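K.L.:
need a structure here:
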Amino acid sequence: MKAIWNNTVVAESDETVNVEGNPYFPVESIKKEYFKPSNTHSTCPWKGEASYYTVEVDGQENKDAAWYYPKTSELAKSIEGKVAFWKGVKVEE
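P.N.:
Numbers count the residues shown, from 1 in each chain. Next up, the predicted model:
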């Protein structure tokens with residue numbers, strides 16, 4: 001699986017985990033030079049508190065386009081620390 005934004009692959013892995021239609025990429029598979037921590041957080045009733053990254057490619061920012069759960073509930077341990085995408089980031093095989 002590849003995550004692509006602004007014509008650039010920002011993450012790539014053969015070991016994604018699919019939850020609720022979202023592929024979650026291992027943190028080691030993201031290209032860290034394109035990710036900036038965000039102060040945004042949200043809460044999922046069964047997964048826990050999500051944190052976000054802003055994705056930046058060629059000087060263009062996509063605010064909060066990636067999220068992850070640093071610490072999940074027991075039900076969501078399979079995605080703990082893994083990264084998922086939205087807001088125009090295209091995920092394809």
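
K.L.:
contacts, neighbours, all on C-alpha from now
P.N.:
Fine.

K.L.:
where along this protein do the helices fall?
P.N.:
Taking DSSP state H as the test, none of the chain falls into helices.

K.L.:
which stretches of it form strands?
P.N.:
All strands of the chain, identified by DSSP state E, fall at 2-5, 8-12, 17-19, 22-24, 35-44, 48-57, 60-68, 83-85, 90-92.

K.L.:
now render those as a markdown table, adding mean neighbour count and mean pLDDT.
P.N.:
Converted to a markdown table, these look like this (neighbours: other C-alpha atoms under 10 Å; pLDDT from 0 to 100):
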| stretch | mean neighbour count | mean pLDDT |
| --- | --- | --- |
| strand 2-5 | 20 | 98 |
| strand 8-12 | 19 | 98 |
| strand 17-19 | 14 | 96 |
| strand 22-24 | 20 | 97 |
| strand 35-44 | 13 | 98 |
| strand 48-57 | 20 | 98 |
| strand 60-68 | 19 | 98 |
| strand 83-85 | 26 | 98 |
| strand 90-92 | 14 | 97 |
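
K.L.:
among those, which comes closest to residue 74?
P.N.:
strand 48-57 (9.5 Å; C-alpha to C-alpha).

K.L.:
what packs against the closest one?
P.N.:
Helices and strands touching strand 48-57, by 3 or more C-alpha pairs under 8 Å, 6 or more residues apart in numbering; DSSP states H and E, are strand 35-44, strand 60-68.

K.L.:
make a markdown table from those strands and add distance to residue 15 to it.
P.N.:
A markdown table is the format used below for these (distance: least, C-alpha to C-alpha, whole Å):
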| stretch | distance to residue 15 |
| --- | --- |
| strand 35-44 | 20 |
| strand 60-68 | 16 |
